[in-house]
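# Need a 3D model of the following:
(2 chains)
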Amino acid sequence: MASSFAGLTLFASGPHRFRMDRVGRLVRGPFATALEIPVSTDEGVLELRIFQQGRLVATTDGALRALVETIRSHAEAGLTGTLIDHHAGAYPGMTLVRFEPGSRVDRGRVVSMRYEAMYLRFGAF
Amino acid sequence: MIWLNPQSVTLGTVVLDNVDSVSIDRTAARTALEFTDAGPYPGFVDVPEQRVDVRITRRITASHDTGLRPGDSVLLTMRRAPGASAAGVSRVQASVVIASIEHSMSASRGATQRIEAIGVSSDGASDPVVVTPDTGEV
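Numbers count the residues shown, from 1 in each chain, chains lettered A, B, ... in the order given. So this is what the prediction gives:
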């Protein structure tokens, strides 16, 4: 099935994959103490981060630019919604916080470009 | 593509005689390949960077220096004909940069010269090799 984010299929033009960042708790330390007993502190649950890597595909440079501009506007606005991956895995409350275009536009049979996007669930801790 | 015994082969202003073959190999200089979360096979393949390699092989019957050097940018031209008649004759042109000029010697074939060149596009998008019909005599 096709993935979606906040009900939109911003990245449907090309293949993409999802990867969850490390999860668990944010632990600081260990800190040295006067008693020379190292101490760590539990800062809470790590924010959930999901990375998406893929390729935008278009037939022209202009069409590719339009795809990028649409995604950029949502990333800059901090679009928040449910991220649904290719296997119906749902992650509510995710915000698109970063879209990083690849180093080049590839012009072969089609016009395409690699990218990485990052979604973040703010305030998990 | 390979042409055996092509006619009127020139590299710039140099006329090449006794040409056995001219081959044009097209290969991917870089591929764009993406896998998906759906399975083991690529979901996207494209070839955004391609090489066009030209190889000319000819017999050498006398001592001669063509004056061609690696790095020279020249126009390859030749005529190709499927048969002895004038039907289907076409002209092949390719902008190339000479990559190497090598010679070998064997008892069976004598002296052989092998010229390798790389096709160059005028604008990066158009094919370096242009084939056009040629109605002139063979």
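# and chain B, which residues reach chain A?
Listed as neighbours of chain A in chain B under the rule C-beta under 8 Å from any C-beta of the partner chain: B:32, B:34-38, B:43-44, B:46-50, B:125. Every residue, glycine included, has its C-beta placed from N, CA and C.
# Of the residues you listed, which belong to helices?
The helices, defined by DSSP state H, take in nothing from the residues of chain B next to chain A.
# so which of those comes closest to residue A:14?
Taking C-beta to C-beta as the measure, residue A:14 lies nearest residue B:44 of the residues of chain B next to chain A, at 6.0 Å.
# low-scoring stretches of chain B, by residue?
Scanning chain B for pLDDT under 70 picks out the ranges B:82-87, B:135-138.
# now the lengthiest strand in it: how far from the chain's centre is it?
Counting by DSSP state E, the longest strand found in chain B is strand B:42-60. Its chain's C-alpha centre and that of strand B:42-60 lie 10 Å apart, by C-alpha atoms, centre = their mean, to the nearest Å.
# ok, it: who's next to it in the sheet?
Strand pairing for strand B:42-60, using DSSP bridges, gives strand B:19-35 (antiparallel), strand B:110-119 (antiparallel).
# Out of these, which is the most enclosed?
The highest mean neighbour count among the strands paired with strand B:42-60, using mean count of other C-beta atoms under 10 Å in any protein chain shown, belongs to strand B:110-119: a mean of 18.
# Next secondary structure after that one?
Counting by DSSP states H and E, the element after strand B:110-119 in chain order, helix or strand, is strand B:129-133.
# how about that next one: buried residues?
Buried residues in strand B:129-133, defined by neighbour count with 16 or more other C-beta atoms under 10 Å in any protein chain shown: residue B:129.
# Go ahead and name everything in contact with that strand.
Strand B:129-133 is contacted from outside by B:24, B:52, B:89, B:90, B:91, B:92, B:93, B:94, B:119, using C-beta atoms under 8 Å, 6 or more residues apart in numbering or on different chains.
# follow-up on the earlier one: which one of the strands paired with strand B:42-60 lies nearest to residue A:101?
Per C-beta to C-beta, nearest to residue A:101 of the strands paired with strand B:42-60: strand B:19-35, 14.3 Å.
# Tell me which other helices or strands the helix or strand that contains residue B:74 touches.
Following DSSP H and E, one finds residue B:74 within strand B:73-80. Here strand B:73-80 touches strand B:7-11, strand B:19-35, strand B:90-106, going by 3 or more C-beta pairs under 8 Å, 6 or more residues apart in numbering or on different chains; DSSP states H and E.
# surely residue B:36 meets residue A:11?
No: using C-beta atoms under 8 Å, residue B:36 is not in contact with residue A:11, being 11.8 Å away.
# More neighbours: those two, which one.
Using other C-beta atoms under 10 Å in any protein chain shown as the criterion, residue B:36 and residue A:11 rank with residue A:11 on top: 22 against 16.
# Next, the more buried one: secondary structure please.
coil (DSSP: H, G, I helix; E, B strand; the rest coil).
# burial of the residue lying closest to it once chain neighbours are set aside, as a residue count?
Distances taken as C-beta to C-beta, 6 or more residues apart in numbering or on different chains put residue A:54 closest to residue A:11, at 5.9 Å, once the chain neighbours are dropped. Using other C-beta under 10 Å, residue A:54 has 24 other residues around it.
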